[in-house]
Every structure is written in C-alpha cells, then in structure tokens.
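S.K.: Take this sequence and fold it.
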Amino acid sequence: MAEKRLPAYPNVPTLQESFKIPNIRTVRGVAGPPALAKEALAYWEGVFERLVKTEGWRKYLAESQSEDGYVRGPALTKLLDESLAVRREVFNDLGIKTVR
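M.R.: Numbers count the residues shown, from 1 in each chain. Have a look, this model is predicted:
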C-alpha cells in the first residue's frame, strides 16, 4: 500500500500499479492541545527531529517495512489536508456520507 515499491520487495507492484486506486496514506503522529506553549512545542519538535535521525529509527523503519515520512509544522498540515481530501473523495465515490 506504499506509494512506491518497498526495497525489500522490488518486484511486487504497489496497489496503485495493480488496481489504479488512490493512495490512502496511513498517518501516525503525536498531537497536543491547541493552547500548547510555544516552548513545549519547540521542545517536542526537537525531540522528534533528533529521534528520526537515529540508527534505532532507521532499524525500526527497515524492520517494519515502513516509509520514512517525518513532517511537522505547515508541511504536516498540508499532508493531513491532502489525506483528508483523498479520503473524502473515496468515501463520496462509495456513497459514504461524511459529516465534517
């Protein structure tokens, strides 16, 4: 279900290659309250910025066959908006009503 073929399986096509369906990304993240202090936000962004540069993170990605897609700030907002738009389109095509 990845956007591109996984390195461990170079001869296995993606779902989009096989079925011409939209890619619905799995987005995982950490959320905080809207009123989170800027200092706290900066602290946690720093923690995750360092984390995704570690050998342990690279090992986790390789072992779980996951793509590296760490984003934050405006890039994260854009990613979530695009992901939501794709989901809404798919749901609409399937006749599934969405509320928000």
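S.K.: Any idea how many residues pack against Glu45?
M.R.: Around Glu45 sit 13 other residues, with neighbours defined as other Cβ atoms under 10 Å. Where you see a C-beta, it was placed from the backbone N, CA and C, and this is true even at glycine.
S.K.: residues making contact with the strand or helix carrying it?
M.R.: Per DSSP states H and E, Glu45 falls inside helix 38-51. When contacts are defined by Cβ atoms under 8 Å, 6 or more residues apart in numbering, helix 38-51 is touched by residues Val30, Gly32, Trp57, Tyr70, Arg72, Gly73.
S.K.: Residues in contact with the following helix or strand past that helix: which ones?
M.R.: Sequence-wise, the next helix or strand downstream of helix 38-51 (DSSP H and E) is helix 55-63. Applying Cβ under 8 Å, 6+ apart, the contact partners of helix 55-63 are Leu51, Ser66, Glu67, Asp68.
S.K.: rerun that using 7 Å as the cut-off
M.R.: Taking contacts as Cβ atoms under 7 Å, 6 or more residues apart in numbering, the residues outside helix 55-63 that touch it are Leu51, Asp68.
S.K.: Residue nearest the middle of the chain, spatially speaking?
M.R.: Val27 (3.4 Å; Cα atoms, centre = their mean).
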